[in-house]
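[1] How does the following fold in three dimensions:
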Amino acid sequence: MELMPITPRDYFEILNRRKVGLTLTGLLIFLVAAGVALALPSIYQSTSTILIEEQEIPPDFVMTTVTSYAEQRLQSINQRIMSFTRLLEIIQRFNLYPELRDRWTTEEIVEKMREDTILEPISAEVIDRRTGRPTAATIAFTLSYEGKNPSTVQQVANVLTSLFLSENLQVREKQAEEASAFLESEMEKVKEELSDLESRIATYKDEHINELPEVLNLNIQSLDRIEQNIAITNQKLNSLKEREGYYSTQLASVPQHVDDEEEITSRQRLEQLKVELVHLTKRFSDEYPDVKKARAEIAEHEKRLTQMEKRRITKKETPDNPAYINLSAQLAGTRTEIDSLKNQIRELNVAANEFRRRISATPQVEEGYNALIAERNNTQAKYDDLMRKHMEARVAQGLEKQQKGERFTLIDPARLPEKPVKPNRLAIMLIGLILGIGAGIGIAAIREFSDDSIHSIDQLENATEFQVLAGIPNILTAKDIARRRRNRFAWGVGTVGVVIIGLLIFHFAVMDLNVFWAVLMRRLAL
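    Alright, predicted model coming up:
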């Protein structure tokens, strides 16, 4: 038996034969999908829109101490508000998720609320002040909450919005206060360091007051003056020493006593004899009579002078020769002046050595002094910089307290939701309708291909390979006609019921029919 090709008429006859199974299967699946769509609880969403406004005062006048980007601060605030404690407080306050409390743990319920809370930033392309290039920046954000009760959803959304607004103010004020407090503490530390450096500089100047660079010229001038004084004093000392030699020579030739003329004469004669003896020894031998005579006289005069000296020592007489006394006094005065000048030179040398030490120590002292001054200047510059920043931080703190800085502004508060956002009942029913049609066609195809009965003359001829001579038409009885009428009536009633149920579902679950009709007329008019 050969397979016969299926024509469009065959498809129509198959649909006519399997219309009951196809329709019931599709209707059953559609009704199940509609039941599921209607059985799912309606979820409402209430959304607040919050604008991120820049500070009113230009940053060139007052620079804020809050340097984080809006996205970072937004995520930070979100983490604070989405904490377990705060969400649990809101859950208990509004009695959220009562149907889950017997089946879920507290942590799971809090996590459910986190999932139902939606934060979505709104970005726009702006010019970044730091780089001067266009970049995407968050200029606003929406905060939504989903739930089953529209009124509760609106209240929770408003509470979350209030928390975001207040938390932003608190975070900015806290950051401004912390920045000001930090700068103040650092300024106090640097102030203590500066005071310590001032004390160290004062102590260093006291310890090296004569070696400081400021007195270097004075030390050099003083050393020059001392060296000049030493030179002048040395000249005076040399002059006095010459005078001392002169007085000593004169004093040696003047007798101490007036009655020592004989001694003087003997000394003079002794000197003459010594000179004559020298001349005689050069010319004659020691045995020459004049040589012997001169030596005898020299011995006699020396003996006499020795005896005179012994007598003077024994008598211990004070000199009474006025010339001798005058020369002795002048010699003593000269020697006193010499000793005084030597003491002066010694003191001047000590002073000169001290000034030389000061001058040689000045470079090292200057290096240590300059190091302290440089450290003091750097610390002072750091203190001045911290003072300036602290004043700016105080101004920025006032800016945040008066809410003149960057702030969150509620431009669209949460409204009472009138229409659920999910489930999408129309989509569920359309999916059910498509699945029902597909399932009905699949079942009809399976039943058709598994059915071996013959429904046409062509099938009979193809199955028996004999030509059909005659055909007997379908004979309808009164019962058949009545059953056919009842079936048509049932199909009509069912179709009307399905249409009515579909309109009701569309009216209550998708869109009000009056609104739909107005929209349809407006579009048709276009």
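
[2] from the middle of its chain, how far away would the host helix or strand of L504 be?
    Per DSSP states H and E, L504 falls inside helix 478-505. From the chain centre to the centre of helix 478-505 is a distance of 80 Å (C-alpha atoms, centre = their mean, to the nearest Å).

[3] what pLDDT, on average, does it get?
    Helix 478-505 comes out with an average pLDDT of 75.

[4] Same question for stretch 222-231.
    89.

[5] for stretch 74-92, same thing?
    The model assigns stretch 74-92 a mean pLDDT of 87.

[6] okay, how far is it across it, tip to tip?
    One end of stretch 74-92 to the other measures 25 Å (C-alpha to C-alpha, to the nearest Å).

[7] neighbours around L341, how many?
    20 (other C-beta atoms under 10 Å). Every residue, glycine included, has its C-beta placed from N, CA and C.

[8] L119 - that's part of a helix, no?
    No. Secondary structure of L119 (DSSP: H, G, I helix; E, B strand; the rest coil): strand, not part of a helix.

[9] who's it bridged to?
    L143 (DSSP bridges).

[10] what's it in contact with, if anything?
    By C-beta atoms under 8 Å, 6 or more residues apart in numbering, L119 lies in contact with L74, N78, F141, T142, L143.

[11] so the last one touches F164, yeah?
    Think L143. Yes. Between L143 and F164 there is a contact under C-beta atoms under 8 Å: 6.2 Å.

[12] Mind telling me what element P41 is part of?
    Assigned by DSSP H and E, P41 belongs to no helix or strand.

[13] how much space between the nearest residue to it once chain neighbours are set aside and E297?
    Closest residue in space to P41, ignoring its immediate chain neighbours: K148 at 5.4 Å, by C-beta to C-beta, 6 or more residues apart in numbering. Distance, K148 to E297, by C-beta to C-beta, to the nearest Å: 162 Å.

[14] distance of T161 from E146?
    In this view, T161 and E146 are 15 Å apart by C-beta to C-beta.

[15] before we move on, what about A37?
    Distance of A37 to E146, computed by C-beta to C-beta: 18 Å.

[16] Pull out the CA atoms of stretch 215-225 and give them to me as CSV.
    Taking Å, rounded to 0.1, in the frame of the first residue of the first chain, the C-alpha atoms of stretch 215-225 are listed here in CSV:
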residue,chain,number,x,y,z
VAL,A,215,78.2,87.1,65.2
LEU,A,216,80.8,85.8,62.7
ASN,A,217,81.7,89.3,61.5
LEU,A,218,81.9,90.5,65.0
ASN,A,219,84.2,87.6,66.0
ILE,A,220,86.5,88.3,63.0
GLN,A,221,86.6,92.0,63.8
SER,A,222,87.4,91.2,67.5
LEU,A,223,90.1,88.8,66.4
ASP,A,224,91.7,91.4,64.1
ARG,A,225,91.6,94.0,66.9
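
[17] Just to check, L165 is in contact with L410?
    Yes. With contact defined as C-beta under 8 Å, L165 counts as touching L410 (6.6 Å).

[18] shared neighbours of those two, which are they?
    With C-beta under 8 Å, 6+ apart as the test, L165 and L410 both reach I50.

[19] got any residues that touch both of L143 and F164?
    When contacts are counted by C-beta under 8 Å, 6+ apart, L143 and F164 are jointly contacted by I50.

[20] mind listing the strands for this structure?
    Using DSSP state E, the strands found in the chain span residues 44-53, 117-127, 134-147, 407-412.

[21] Walk me through which strands the shortest one pairs with, and which way each runs.
    It refers to strand 407-412. strand 44-53 (antiparallel).

[22] quick one: buried residues of stretch 409-421?
    Across stretch 409-421, burial judged by 16 or more other C-beta atoms under 10 Å covers L410, A414, P417, P420.

[23] Roughly how far does the last one sit from Y97?
    Okay, so that is P420. 17 Å.

[24] What of the first one?
    Here the distance between L410 and Y97 works out to 26 Å (C-beta to C-beta).

[25] Same check on the third one?
    When distances are taken as C-beta to C-beta, P417 and Y97 turn out to be 18 Å apart.

[26] wait, isn't Y97 in contact with K112?
    Yes. At 6.3 Å, Y97 counts as touching K112 under the criterion of C-beta under 8 Å.

[27] Common neighbours of the two, please.
    Common contact partners of Y97 and K112 (C-beta under 8 Å, 6+ apart): W104.

[28] Next, the angle from the lengthiest helix in the chain to strand 407-412.
    Assignment by DSSP state H gives helix 322-401 as the longest helix of the chain. If you take axes from the mean of the first three to the mean of the last three C-alpha atoms, to 10 degrees, helix 322-401 sits at 10 degrees to strand 407-412.

[29] Helix 322-401 - contacts with which helices or strands?
    If you count contacts as 3 or more C-beta pairs under 8 Å, 6 or more residues apart in numbering; DSSP states H and E, helix 322-401 packs onto helix 150-207, helix 216-252.

[30] Give the buried residues for the shortest one.
    I take that to be helix 216-252. For helix 216-252, a neighbour-count test (16+ other C-beta under 10 Å) marks 216, 219, 222-223, 226, 229-230, 233, 236-237, 240, 243-244, 247, 251 as buried.

[31] quick one: the residue nearest to P41 from I43, how far?
    Between K148 and I43 the computed distance is 6 Å (C-beta to C-beta).

[32] again, but for I230
    110 Å.

[33] any idea how this protein splits into domains?
    Per automatic domain parsing, the structural domains of the chain span 213-384, 475-526.

[34] Find the nearest non-adjacent residue to T152, please.
    With C-beta to C-beta, 6+ apart as the criterion, T152 has its nearest non-adjacent residue at 5.5 Å, and that residue is F94.

[35] Can you name the residues that contact the one you found?
    By C-beta under 8 Å, 6+ apart, F94 lies in contact with T152, Q155, V156, V159.

[36] Please list only the buried members of the residues you listed.
    Of the contacts of F94, these count as buried by 16+ other C-beta under 10 Å: T152, Q155, V156, V159.

[37] Can you lay out the buried residues of stretch 409-421 as a markdown table showing pLDDT and distance to V499?
    Shown next, in a markdown table, are the buried residues of stretch 409-421 (pLDDT from 0 to 100; distance: C-beta to C-beta, whole Å):
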| residue | pLDDT | distance to V499 |
| --- | --- | --- |
| L410 | 82 | 46 |
| A414 | 86 | 39 |
| P417 | 83 | 30 |
| P420 | 80 | 24 |
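
[38] Columns distance to A137 on top of the residues you listed, output as a markdown table?
    Converted to a markdown table, those look like this (distance: C-beta to C-beta, whole Å):
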| residue | distance to A137 |
| --- | --- |
| L410 | 20 |
| A414 | 25 |
| P417 | 30 |
| P420 | 34 |
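
[39] Could you point out which of those is nearest to Q170?
    Nearest to Q170 among these: L410, at 16.4 Å, using C-beta to C-beta.

[40] Double-check that closest one against T161; I have them as touching.
    Yes. In this structure, L410 is within contact of T161 by C-beta under 8 Å, at 6.3 Å.

[41] got the CA positions of stretch 166-184 in CSV?
    Output in CSV follows, covering the C-alpha atoms of stretch 166-184 (Å, rounded to 0.1, in the frame of the first residue of the first chain):
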residue,chain,number,x,y,z
SER,A,166,18.5,61.5,56.4
GLU,A,167,21.4,59.0,56.1
ASN,A,168,23.0,61.1,53.3
LEU,A,169,22.8,64.2,55.5
GLN,A,170,24.2,62.4,58.5
VAL,A,171,27.0,60.8,56.5
ARG,A,172,28.1,64.1,54.9
GLU,A,173,27.9,66.0,58.3
LYS,A,174,29.9,63.2,59.9
GLN,A,175,32.5,63.2,57.2
ALA,A,176,32.8,67.0,57.4
GLU,A,177,33.1,66.8,61.3
GLU,A,178,35.7,64.0,61.1
ALA,A,179,37.7,65.9,58.6
SER,A,180,37.6,69.0,60.7
ALA,A,181,38.5,67.1,63.9
PHE,A,182,41.3,65.3,62.1
LEU,A,183,42.8,68.5,60.8
GLU,A,184,42.5,70.1,64.2
